[in-house]
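J.: how would this look folded up:
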Amino acid sequence: MEHCKSVTFEGEFKLRSGHSFPRITLAYETYGELNEDASNAIVIFHALSGDSHVASHGPDDLPGWWEDAVGPGKAYDTNKYFIICSNVLGGCKGSTGPMFINPKDGKPYGMDFPVVTIEDMVRAQVKLLDYLGVQTVFLASGGSMGGMLVLQLAVSYPDRVKNAQILASTGWVSPQTIALNEVARQAIYADPNWNNGDYYDKGQPRPDKGLAVARMIEHITYLCEDSMQNKFGRNLRDRERVGYDFKIDFQVESYLRYRGESFTRRFDANSLLYVTKAIDYFDIAEGFESLDEALGRIQARILIASYSSDWLFPPQQSVSLASALLRNGIDTTYVGIESRYGHDSFLLEVEKLSELTRDFLSPPSQIALEPLLVACKYLSDEKRQDYSLILNIIPPQTRVLDLGCGTGELIERLSREKRAQTRGVDLSEENVRACIARGLSVRQGNIEDGLRDYPEGEFDYVILSQTLPYLDNPAAVVKEMLRVGRRAIISFENAGYWVDAFNAGLGKGLGPTLVSGAPRARAITLEQFEAFAQKIGAVIERAEYFCQGKPLGESEELAELLKKSESGLSAKAAPAWLADTALYVLLKK
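T.: Residues are numbered from 1 along each chain as shown. The predicted structure follows:
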């Protein structure tokens, strides 16, 4: 790697274990140019078997491990940003690791190399940032182990990272991952050539068989059943039928052997032992009184992405991390990406990641929203009259949570026009991506689950606009809204609206839809909602009614009906059947 540079930092480098190095060396590569105020630096952390060569430096250079994501005009645009990628401490691609010479005896460290942690790797990275003249990185990004390094940087050095992107990763390593790493290590130990880590002498055989098996085990965890089925199925390799022997029968066997054997030509067995052990030890709460104390230190904006088919670090681990961050008031966006490529999706499905990254990093004014906008499927513009009223109700500089926020139109306007601190929750991946494109912080997930992430009194207002009829447990949701917010704003279509009543009289019934045509779990009249509010212990502070997109008193349809009415009904007296939409502001008793 001709573009790889290295720097040695003299002086004692203490490790979390209590051991220390007299000096450390880091191998690194940079792409693009650092601007005058050093504000455009992006640090990319590699995964377990990666290195500093994240991308090629030109047409004559070898491709990097994230070639499709890093370069001119790509997600990590080297025309705009100064990209830094280094080999981690304990690695085998130029940074201090087991292959380095131990100054005590002049021989390679081997198993005398002290155990390092993710925290140690990050402290080494910070030395490199100092050396390169970067005080605060614009973005730290990484997948898998790289995501752990990103999170550790944000916690240990909160003032040194502005934005953080954590992909297919976790905040604490599970027993399953530890178990898989241990099996991989045992494969290396079982190779006689490992020789307790002492195999560096010239001509001495290396533990290639053990390392190859370890890599085969790991590689299975990077895939998933669907990807293996689509890629290999039960297809045979160079045979028309099984051989009833122990040679290669299936294509998947051949593939894994190739992956294992090729890995031995570029990686060191001892480094694999040390880096997997660092992964096993990772728990972001380590060294703090609690997880909340650790995460509460973060100052960066966080984007977490999980992949549906990842079983090494499954989506639930990302959801748990996002929930913990939100609970601590950290500006966090979470998106779950549908994928069929397993854990390696963050490396392979670059197109979606590129869109997310560009939108996450770009000011909203610079983003072309049109390709990402997902139009509300059922509600016409006139059915969103509640937006204008909500904007009038909410005072400036308040904290607002929008449940079922859709593409973010409302909270974007609240942020822009009222300077509100906004958050959103939505189940749709496309909607969350549209919100990210607007520069908004949104958690992807079910409304009924999403509220649990927030502490009591976190918001001044919690909004549930046109979503109440679709909830499985509306009482629980509204109670939670009043737990996390001082006020709840709820709007819905009135099932008592006279058009519904008229249709019912014709024998058409209310049917399974609201006036808008949207399928609903239940029909809600104003009377039912007011009884519901009383039952759950809520006080109605304000009620507003609409007809045909206008406040009830301004509706042309209403005026016409009242003109024809013989009973002298007033708009005030008859919202229950004259209003097609209602909005209520609730307080907790």
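J.: Next SSE downstream of the lowest-mean-pLDDT helix or strand in the chain?
T.: Lowest by mean pLDDT, DSSP states H and E among the helices and strands of the chain is helix 556-564, with a mean of 62. Note on helix 556-564: by DSSP states H and E, the next helix or strand toward the C-terminus is helix 575-578.
J.: and after that following helix, which helix or strand comes next?
T.: Beyond helix 575-578 on the C-terminal side, the first helix or strand identified by DSSP H and E is strand 581-588.
J.: Check which helices and strands the strand ranked longest in the chain sits against.
T.: For the chain, the strand reaching the highest residue count under DSSP state E is reported as strand 20-31. On a contact count with 3 or more CB pairs under 8 Å, 6 or more residues apart in numbering; DSSP states H and E, strand 20-31 meets strand 5-14, strand 82-86, helix 118-132. Heads up, the C-betas are built off the backbone N, CA and C, glycines and all.
J.: can you pull out the strands in the stretch 351-500 of the chain?
T.: In the stretch 351-500 of the chain, the strands defined using DSSP state E, counting those that start in this stretch lie at 399-403, 421-426, 442-444, 459-465, 485-493.
J.: for the helix or strand where residue 345 lies, packing partners?
T.: Residue 345 is part of helix 345-348 when elements are defined by DSSP H and E. Contacts of helix 345-348 with other secondary structure elements, assessed using 3+ CB pairs under 8 Å, 6+ apart, are made with strand 301-307.
J.: Check what pLDDT the residue lying closest to residue 585 once chain neighbours are set aside gets.
T.: For residue 585, ignoring the flanking residues on the chain, the nearest one in space by CB to CB, 6 or more residues apart in numbering is residue 542 at 4.1 Å. According to the per-residue confidence, residue 542 scores 95 in pLDDT.
J.: Please enumerate residues in contact with the helix holding residue 345?
T.: Applying CB atoms under 8 Å, 6 or more residues apart in numbering, the contact partners of helix 345-348 are 65-66, 143-144, 167-168, 305, 307, 309-310, 337, 339, 341, 353.
J.: Walk me through the domains of the chain.
T.: If the domains of the chain are taken from automatic domain parsing, they occupy 5-182+277-361, 183-276, 381-588, with pieces of a single domain joined by a plus sign.
J.: and among those, the most buried is which?
T.: Highest mean neighbour count of those: domain 5-182+277-361, a mean of 20 (counted as mean count of other CB atoms under 10 Å).
J.: From the opening residue of that domain to its closing one, how far?
T.: In domain 5-182+277-361, first residue to last residue: 28 Å (CA to CA, to the nearest Å).
J.: How far off centre is it?
T.: When distances are taken as CA atoms, centre = their mean, to the nearest Å, domain 5-182+277-361 is centred 15 Å away from the chain's centroid.
J.: average pLDDT for it?
T.: Throughout domain 5-182+277-361, pLDDT has a mean value of 96.
J.: Could you do stretch 491-505 as well?
T.: In the prediction, stretch 491-505 has an average pLDDT of 75.
J.: What pairs with the helix or strand where the residue nearest to residue 585 lies, parallel or antiparallel?
T.: Secondary-structure element containing residue 542, defined by DSSP H and E: strand 538-547. For strand 538-547, sheet partners with direction are given as strand 550-551 (antiparallel), strand 581-588 (antiparallel), following DSSP bridges.
J.: Mind putting the ones you listed into a markdown table with distance to residue 235 and mean pLDDT?
T.: Conversion of the strands paired with strand 538-547 to a markdown table gives the following (distance: least, CB to CB, whole Å; pLDDT from 0 to 100):
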| stretch | distance to residue 235 | mean pLDDT |
| --- | --- | --- |
| strand 550-551 | 65 | 82 |
| strand 581-588 | 58 | 94 |
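J.: what's the closest of those to residue 262?
T.: In this view, the strands paired with strand 538-547 are compared for proximity to residue 262 by CB to CB, and strand 581-588 is the closest at 62.2 Å.
J.: Now do that closest one against strand 485-493: the angle between them, please.
T.: Strand 581-588 runs at 160 degrees relative to strand 485-493, counting by axes from the mean of the first three to the mean of the last three CA atoms, to 10 degrees.
J.: list the contacts for the residue nearest to residue 117 when sequence neighbours are not counted?
T.: Setting aside the residues directly before and after it, residue 117 is nearest to residue 16 in space (CB to CB, 6+ apart), at 4.8 Å. Contact analysis of residue 16 by CB under 8 Å, 6+ apart lists 117, 119-120, 287.
J.: same deal with residue 412?
T.: Residues in contact with residue 412 (CB under 8 Å, 6+ apart) are 364, 422, 438-440.
J.: between the residues you listed, which is closest to residue 220?
T.: Lowest distance from residue 220 to the contacts of residue 412 (CB to CB) belongs to residue 440, with 37.9 Å.
J.: From residue 215, how far out is the closest residue to that closest one other than its chain neighbours?
T.: Leaving aside its chain neighbours, residue 440 sits nearest to residue 408 (4.7 Å; criterion: CB to CB, 6+ apart). Plainly put, residue 408 is 43 Å away from residue 215 if you go by CB to CB, to the nearest Å.
J.: what's the spacing between stretch 406-417 and its chain's center?
T.: 21 Å.
J.: Does the spatially closest residue to residue 291 that is not a sequence neighbour belong to a helix, a strand or coil?
T.: Using CB to CB, 6+ apart and skipping the chain neighbours, the partner closest in space to residue 291 is residue 285 (4.2 Å). Assigned by DSSP: H, G, I helix; E, B strand; the rest coil, the conformation of residue 285 is coil.
J.: looking at it, residue 285 is touching residue 296, isn't it?
T.: No: using CB atoms under 8 Å, residue 285 is not in contact with residue 296; the gap is 11.0 Å.
J.: Residue 135 and residue 161 touch, don't they?
T.: No: proximity of residue 135 to residue 161 does not meet the contact threshold set by CB under 8 Å, at 10.6 Å.
J.: Spatially nearest residue to residue 325 (excluding sequence neighbours)?
T.: Counting by CB to CB, 6+ apart, the nearest residue to residue 325 once its immediate chain neighbours are dropped is residue 332, at 4.3 Å.
J.: Equivalent analysis for residue 495, please.
T.: The spatial neighbour of residue 495 that comes closest, neighbours along the chain excluded (CB to CB, 6+ apart), is residue 523 at 3.5 Å.
J.: Next, the angle strand 82-86 makes with the longest strand of the chain.
T.: Using the same axes, to 10 degrees, the interaxial angle of strand 20-31 with respect to strand 82-86 works out to 140 degrees.
J.: how many degrees apart are strand 20-31 and strand 5-14 in direction?
T.: The directions of strand 20-31 and strand 5-14 differ by 150 degrees, with the same axes, to 10 degrees as the criterion.
J.: partners of strand 20-31 in the sheet?
T.: The strands that strand 20-31 pairs with in its sheet are strand 5-14 (antiparallel), strand 82-86 (antiparallel) (by DSSP bridges).
J.: would you list these in a markdown table and tack on distance to residue 432?
T.: Listed next are those as a markdown table, based on distance: least, CB to CB, whole Å:
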| stretch | distance to residue 432 |
| --- | --- |
| strand 5-14 | 39 |
| strand 82-86 | 26 |
